[in-house]
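> Below: sequence and its predicted model.
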Amino acid sequence: MGMIANYQYLPDNGLEQIKALSNQEDDLLDFAEDSVDTHDILIDIDKMWDVLVFVMTGFSSSEFMDDDPLREAVLGVTPLEDVSEYIAYTEKSRIAAISQALEEFDMDKALKDFSMEACKKADLYPNIWDYLEEEEEIKDEIRISFVNMKKFYKQILELNGNVLVTIC
């Protein structure tokens, strides 16, 4: 088991609930869990979230970058403070920029320059960068996660919705 990233549609009333619960961890985690059952617009990119940020931006998720729509696609815009799990949201006002950035990003080109050694040096999660024989499988997982994320944000844009990001 590890830290798995999930992304889900968040209607306006759900966003308001998240904001109201932002300092009540148990209620917030319950809300995030219940939301999965309520809305079927969601994706799970498993453990590929940190490397996806790295491949798209050149930086790990632990490095701060302000207003980068590719980073925001993976990590959300507004992380909640004082919560043991990673929970963030992205308001609808940022969805168009994120969707456009994903559409314009050339993942095939980025994966041509992909380096397991660079991932290891950047100390990316998960710690799989010594398994050189699995490089092609890992690249396929990154590509699939990216394609799913692109479709997801396009759908959220069409619905004029918000996004809830959980990494736990």
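Done, it's in.
> where exactly do the helices run in this structure?
Along the chain, the stretches classed as helices by DSSP state H are 12-21, 25-38, 49-57, 69-75, 92-104, 107-112, 116-121, 135-159.
> How about the residue nearest to the spatial centre of the chain, nearest residue that isn't a chain neighbour?
Taking Cα atoms, centre = their mean, the centroid of the chain lies closest to V74, which sits 2.4 Å from it. In space, not counting the residues next to it along the chain, V74 is nearest to V53; the distance is 4.8 Å by Cβ to Cβ, 6 or more residues apart in numbering. Backbone N, C-alpha and C define where each C-beta goes, glycine included.
> Isn't that neighbour up against D68?
No - with contact taken as Cβ atoms under 8 Å, V53 and D68 are classed as non-touching, separated by 9.2 Å.
> Looking at the two, which is more packed in?
A count of neighbours by other Cβ atoms under 10 Å puts V53 above the other of V53 and D68, at 25 against 18.
> Mind picking out the helix or strand in the chain with the poorest mean pLDDT?
In the chain, the helix or strand scored least confidently by mean pLDDT, DSSP states H and E is helix 25-38, which has a mean of 67.
> Perfect, that will be all.
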